[in-house]
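**Student:** Let me see the structure of the following:
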Amino acid sequence: MKTEAEAQQFFFELHQTGRLFHPEDDPATVINSATGAPLFTAAEAALMRARIEEAYSVMDDPCAYCLTLTNPESDRL
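**Tutor:** Okay, here's the model as predicted:
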């Protein structure tokens, strides 16, 4: 991703599909709360780590943006 808008779209799509997680967490350790299984395969987790790194290169605070997705009433809007 090369722009903040692309990074925001990435997080938005994760949110829309129920796969959004805290950007500072290792995707390999994120658990699907419905099944108790890992949310991502090892290959997917590696891709997620790369995408999160890209997001940090174009966004000031990916965590704050994710907060606005999960809590629209947040004062960070």
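
**Student:** Quick one: residues contacting T70.
**Tutor:** 15, 20 (C-beta atoms under 8 Å, 6 or more residues apart in numbering). All C-beta atoms are positioned from the backbone trio N, CA, C, and that covers glycine.

**Student:** Which pLDDT does the model give it?
**Tutor:** At T70, the model reports a pLDDT of 92.

**Student:** Now do the phi/psi pair for it.
**Tutor:** Dihedral pair for T70: phi -90, psi -20, per degrees, to the nearest 10.

**Student:** Start the count at 858 instead of 1 going forward.
**Tutor:** With 858 as the first residue, the last one maps to T927.

**Student:** Distance-wise, check it relative to F878.
**Tutor:** Distance, T927 to F878, using C-beta to C-beta, to the nearest Å: 10 Å.

**Student:** what does A907 give?
**Tutor:** A907 is 15 Å from F878, by C-beta to C-beta.

**Student:** Please point out which parts of the longest helix along the chain sit buried.
**Tutor:** For the chain, the helix with the greatest residue count under DSSP state H is helix 899-915. Buried residues in helix 899-915, defined by neighbour count with 16 or more other C-beta atoms under 10 Å: 902, 905, 908-909, 912.

**Student:** Then stretch 869-881?
**Tutor:** By neighbour count on 16+ other C-beta under 10 Å, the buried set for stretch 869-881 is 871, 877-878, 880.

**Student:** outside of stretch 870-887, which residues touch it?
**Tutor:** Stretch 870-887 is contacted by residues 868, 895-897, 899, 901-902, 905-906, 909, 912-913, 919-920, 923, 926-927 when judged by C-beta under 8 Å, 6+ apart.

**Student:** Over to stretch 910-924?
**Tutor:** Residues contacting stretch 910-924 (C-beta under 8 Å, 6+ apart): 858-861, 863-865, 867-868, 872, 877, 879-881, 909, 931, 933.

**Student:** Check the secondary structure at the residue lying closest to Q865 once chain neighbours are set aside for me.
**Tutor:** Nearest non-adjacent residue to Q865, counting by C-beta to C-beta, 6 or more residues apart in numbering: Y922, 6.0 Å away. Following DSSP: H, G, I helix; E, B strand; the rest coil, we place Y922 in the helix state.
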